[in-house]
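Visitor: let me see the structure of the following:
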Amino acid sequence: MEAESDLILERLNRDFPGLVPQSGQQWVQYLLDWRQVMEDETGVVRRRLQEERRRLRFELGISQELVAGTGRAWDRGIALEHFWFLYEKDYYDPEAQAFRAQKLADHVRQDFGTVDAICLWQGYPRLGLDHRNQFDYLRDLPGGVTGLRTTVSVLQAAGMRCFLAYNPWDTGTRREPKSDAETLADILRATGADGVFLDTLSGADASLRETLRAARPEIAVCPELIPSLGDLSRLTGGWQQFAHPSPPSVLAHRWLDPGFCLRYVDRYARSRREQVKTAFFHGTGHVVWENVFGWWNPWSGEDRLLLKRTTALLRELSDFFRDPEWEPYVPTRRAGVYAMEWHHEGSVLFTLYNSNHDRSETAALRLPPGAAGDAVDLWSLKELEKGTEAGTITCDLEPGAIGCVLIGPGRRPSPLSMPFPVPEDRREERRHRQVTLDAYKPRPPQAASRRAARGQRDMVRVQGCRYVMSVHRACNAVMEGGSYGDISHPTAKGVPDQCFWLATYWMDRTPVTKAAFAVFLRRARFAPASLAGFLRDWSRPSGSESRPFLWSPPAGHGDHPVVWVSLEDARAYAHWAGARLPTEAEWQLAAEGPDGRRWPWGNEYDPSLCNGDSAGTTDVRAYPGGASAVGCLDMCGNVWEWTESERDDGHMRYAMVRGGSWLRVSGSIWYTTSGPQPCDVHEKVPLLGAGLDRLATVGFRCVT
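Guide: Below is the predicted model:
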């Protein structure tokens, strides 16, 4: 399809020099530069382009029915989509261990009005923390696939179609017995989801489309990136990310197929005002995305109000925005004032944009032949006067404003397009809590318990001191979600140095082993509230499924670190043992020692001193040469370790893990950093439900 697009673009540029911009040696295939068309007062270039558009549609297989949005393409009607990062705590009930889909639907409707579709996201940025793949993360959501079906049903009943996210780059984790397409099709059948969002892709191969549509014929396939022009007859929509064309640019896909449903989105933008105006000017909708994988970037009240108004008009006037003969950039007689012209059943619609942000302007719009009826400014709800020149009308625009003018017999705005009241910022306090980080305050054990713990456990003494912790997030350059130290950007990973006055403490020489955890289970008769994923690798005698104190670790692995335990499970063990989990500062001081080593054993990485290349965990005492300066073992590789670092930023709970693990996941820049990690590195783990929070590569150790 790329080659087909290139041929089309080369021909367009040959016949209309300068129409198609280039970046380096690449065509910018989603944009057309309309400047030369606007400057042609004879209209010859415009008429030639109309003929060329008809030829291209025939060659690309874009039929009149496709443009009109008939058939299976339900997603062509999307005016507003919402992105739901499933780790948002507001929409999860920890007691019921279920999502609050109705609460989400109510909040979204209140904040943004009617939403047509919602994208459910579960994998990144956790993929790579252990061997589980993106489909495992769907299965391990609270309630599993059955619970996900309930969530989808609630959202559908609220009028929202549901997309499941697919990460095609996830090739380095556990492989399914079927192909990705077949596995995804099975999950679509099981959940009743309406579409698939293709992360990082600009298209979908025929095999994927056919497999998905065999499972659900009405399925919509939406790529994250703008597809090639050659895919216009096969794909019905996509996202317009980051680059929002300013006048006099035209979206090439919309010029060829105005039924193609592009949705604007810029997850990093602090203000969305200009992109909302530009999207409406082009007759397209939006994706609302506030929780950027754990980095909260809210829409302001003013931006939400603007979005409500434009979205309502997009829906009310949807027939106009599918006009096959629509005209970009018709004359307005004012420099910097632009207009698009759309038609439907004898009526004419103009969308306008005043790019002059320092002054008001009056656009003079020339009516097409045969246009008759009253002219109404749908933005200000005013009747418009005819211009001084025959066959024109005028419309006033405030500085930087957009407008919408309808001309036709008997046409009047419906209540949907009436101005909305300014939305109440009921979430404003919540929005600003991103800087309020309430660390978990553990309940200290009794002094007698601490003495008993030291007597019964192999612990090392760490001298208290004034300690300056320098730490940064263990992530690839593109990893999103931010860290707790720098919330200026979702990819920020720096944390300002933090000063602590640490009292002398004792730390476990090794991570807690499976054998030690088995003793805790038996003596404490411990069973967590949810057993989802708990000690997933342990043996379970028949009839003991709900009694983990009868389970046993894998044979020969008693001295391996315990894994598949959540932060809460680790806390329960520590409290029983008369101890607690180490803070990040305590963990790092014990790892790097008073001389501030980069690795526990020194300043250079040595693969012979840690478990970083095996096929699984090893004995916690297998690498005595890798001991830290204070004598702690296994502080690099083998398993990540929970620390007492739980935080709640108002939108998501998370905790930091340390040390890295034996598992190395490769194949994509989007995976969480894996393998052994230096002492000054931490990783952020979004928390939700037990089935997700228990990982095959995360254990813990205790301090007193």
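
Visitor: let me see the ranges of the helices in the stretch 101-250 of the chain.
Guide: 101-112, 134-139, 144-157, 180-191, 206-215 (DSSP state H, counting those that start in this stretch).

Visitor: those: which one's closest to residue 532?
Guide: helix 144-157 (8.1 Å; C-beta to C-beta). Glycine gets a C-beta too; all of them are placed from N, C-alpha and C.

Visitor: in the closest one, what counts as buried?
Guide: For helix 144-157, the neighbour count (16 or more other C-beta atoms under 10 Å) marks 145, 147, 148, 149, 151, 152, 154, 155, 156 as buried.

Visitor: what does stretch 259-268 give?
Guide: 259, 260, 261, 262, 263, 264, 265, 266, 267.

Visitor: among the residues you listed, which two are most distant?
Guide: Farthest apart among the buried residues of stretch 259-268 by C-beta to C-beta are 259 and 267. That separation is 25.8 Å.

Visitor: domains of the protein?
Guide: Domain segmentation of the chain under automatic domain parsing yields 52-289, 455-510+563-699.

Visitor: tell me how far the last one lies from the chain's centre.
Guide: This points to domain 455-510+563-699. Computed by C-alpha atoms, centre = their mean, to the nearest Å, the chain-centroid distance of domain 455-510+563-699 equals 26 Å.

Visitor: one more: the longest one?
Guide: Between the centre of domain 52-289 and the centre of its host chain there is 11 Å, according to C-alpha atoms, centre = their mean.

Visitor: check which helix or strand covers residue 527.
Guide: Counting by DSSP states H and E, no helix or strand carries residue 527.

Visitor: over to the nearest residue to it once chain neighbours are set aside: give its phi and psi.
Guide: Closest residue in space to residue 527, ignoring its immediate chain neighbours: residue 548 at 5.6 Å, by C-beta to C-beta, 6 or more residues apart in numbering. Taking degrees, to the nearest 10, you get phi -60, psi -20 for the backbone angles of residue 548.

Visitor: is residue 548 in contact with residue 521, as I believe?
Guide: Yes - assessed by C-beta atoms under 8 Å, residue 548 is found in contact with residue 521 at 5.6 Å.

Visitor: the bottom helix or strand of this structure by mean pLDDT?
Guide: Counting by mean pLDDT, DSSP states H and E, the chain has its least confident helix or strand at helix 428-431, which shows a mean of 44.

Visitor: list the buried residues in stretch 274-287.
Guide: For stretch 274-287, by 16+ other C-beta under 10 Å, it's 275-287.

Visitor: swap that for stretch 580-600, sorry
Guide: Those would be 580-593, 597, 599-600, for stretch 580-600 by 16+ other C-beta under 10 Å.

Visitor: secondary structure class for the residue lying closest to residue 87 once chain neighbours are set aside?
Guide: In this structure, residue 87 finds its nearest non-sequential neighbour in residue 686, 4.2 Å apart by C-beta to C-beta, 6+ apart. At residue 686, secondary structure determined by DSSP: H, G, I helix; E, B strand; the rest coil is strand.

Visitor: same question, the one 5 residues further on
Guide: Classification of residue 691 by three-state DSSP places it in helix.

Visitor: number the residues from 67 up from this point.
Guide: OK, 67 is where the count begins now, so the last one is residue 757.

Visitor: so what's the residue count around the residue nearest to residue 153?
Guide: Close neighbours of residue 752, defined as other C-beta atoms under 10 Å, add up to 20.

Visitor: for residue 76, same thing?
Guide: With other C-beta under 10 Å as criterion, residue 76 counts 12.

Visitor: where in the stretch 217-366 of the chain is pLDDT low?
Guide: Nowhere does the stretch 217-366 of the chain drop to pLDDT under 70.

Visitor: that older thread, redo the domains of the chain as CSV? Include distance to residue 429.
Guide: Below are the domains of the chain laid out as CSV (distance: least, C-beta to C-beta, whole Å):
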stretch, distance to residue 429
domain 118-355, 13
domain 521-576+629-765, 38
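
Visitor: now do the strands in the stretch 417-566 of the chain.
Guide: With DSSP state E, counting those that start in this stretch as the criterion, the stretch 417-566 of the chain has strands at 427-432, 440-443, 448-449, 458-463, 468-474, 525-528, 531-535, 538-539, 564-568.

Visitor: which helices and strands does the third one pack with?
Guide: Here strand 448-449 touches strand 440-443, going by 3 or more C-beta pairs under 8 Å, 6 or more residues apart in numbering; DSSP states H and E.

Visitor: show me the contacts for the closest residue to residue 222 other than its chain neighbours.
Guide: Distances taken as C-beta to C-beta, 6+ apart put residue 228 closest to residue 222, at 6.6 Å, once the chain neighbours are dropped. Contact analysis of residue 228 by C-beta atoms under 8 Å, 6 or more residues apart in numbering lists 183, 184, 185, 186, 218, 221, 222, 257, 259, 260, 261.

Visitor: pLDDT score for the fourth one?
Guide: Reading off the per-residue confidence, residue 186 sits at a pLDDT of 98.

Visitor: any idea what it is bridged to?
Guide: Residues in a beta bridge with residue 186, per DSSP bridges, are residue 150, residue 230.

Visitor: my read: residue 644 touches residue 572, true?
Guide: No - under the criterion of C-beta under 8 Å, residue 644 makes no contact with residue 572, lying 10.9 Å away.

Visitor: between those two, what contacts are shared?
Guide: Jointly contacting residue 644 and residue 572 under the rule C-beta under 8 Å, 6+ apart are residue 770.

Visitor: the more surrounded of these two?
Guide: In this view residue 644 and residue 572 are compared by other C-beta under 10 Å, and residue 644 has more residues nearby, 22 against 18.

Visitor: secondary structure class for that one?
Guide: Using three-state DSSP, the structure places residue 644 in coil.

Visitor: quick one: it and residue 651, what's the gap?
Guide: Residue 644 is 21 Å from residue 651, where distance means C-beta to C-beta, to the nearest Å.

Visitor: just residue 147 next, same as before
Guide: Relative to residue 651, and taking C-beta to C-beta, residue 147 is found at 42 Å.

Visitor: and stretch 226-233, what's buried?
Guide: Here stretch 226-233 shows 226, 227, 228, 229, 230, 231, 232, 233 as buried, counting by 16+ other C-beta under 10 Å.

Visitor: where does the prediction get shaky in the chain?
Guide: The chain contains residues with pLDDT under 70 at 67-68, 91, 134-138, 454, 476-521, 541-543.

Visitor: next one: phi and psi at residue 99?
Guide: The phi/psi pair for residue 99 (degrees, to the nearest 10) reads phi -90, psi 110.

Visitor: what sits against it?
Guide: Counted by C-beta under 8 Å, 6+ apart, residue 99 has contacts 84, 85, 86, 87, 314, 315, 316.
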